[in-house]
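Undergrad: Fold the following, please.
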Amino acid sequence: MIKLLICNFEDLARALRRFEELFGAPEGSAEACELRDISNGLRAFEDKVAARIAARRFTAGSLIDVMPRSGLDPTHRP
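TA: Numbers count the residues shown, from 1 in each chain. Below is the predicted model:
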């Protein structure tokens, strides 16, 4: 099994094209094995992107929580 690393959107596009070429390969063939490797790489990339989005949301939420509210905020009650 080869560990496929997708580090940028060019790698992602290349992996998706290859996935499309191999889709439907007979089970047990070398192509099916490569297809599984690509699928695992795509999942790993998806997990990495999701983790980055979650980290940014957490950071953004933290900054908003500690920022003072302006006098223009209608929900703010002193």
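Undergrad: how about low-confidence regions in the protein?
TA: Applying pLDDT under 70 to the chain flags residues 1-3, 60-78.
Undergrad: So which residues of it form helices?
TA: 9-22, 30-66 (DSSP state H).
Undergrad: Dump the ones you listed into TSV; add mean neighbour count as well.
TA: In short, each C-beta sits where N, CA and C put it, glycine included. What follows is those, written out as TSV (neighbours: other C-beta atoms under 10 Å):
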stretch	mean neighbour count
helix 9-22	14
helix 30-66	12
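Undergrad: Contact partners for His51?
TA: Quick fix: residue 51 reads Ala, not His. By C-beta atoms under 8 Å, 6 or more residues apart in numbering, the contact set of Ala51 is empty.
Undergrad: So it versus Phe45, what's the distance?
TA: Ala51 sits 11 Å away from Phe45 when distances are taken as C-beta to C-beta, to the nearest Å.
Undergrad: Please name the nearest non-neighbouring residue to Glu31.
TA: With sequence-adjacent residues excluded and distances taken as C-beta to C-beta, 6 or more residues apart in numbering, Glu31 is closest to Ala25, at 3.6 Å.
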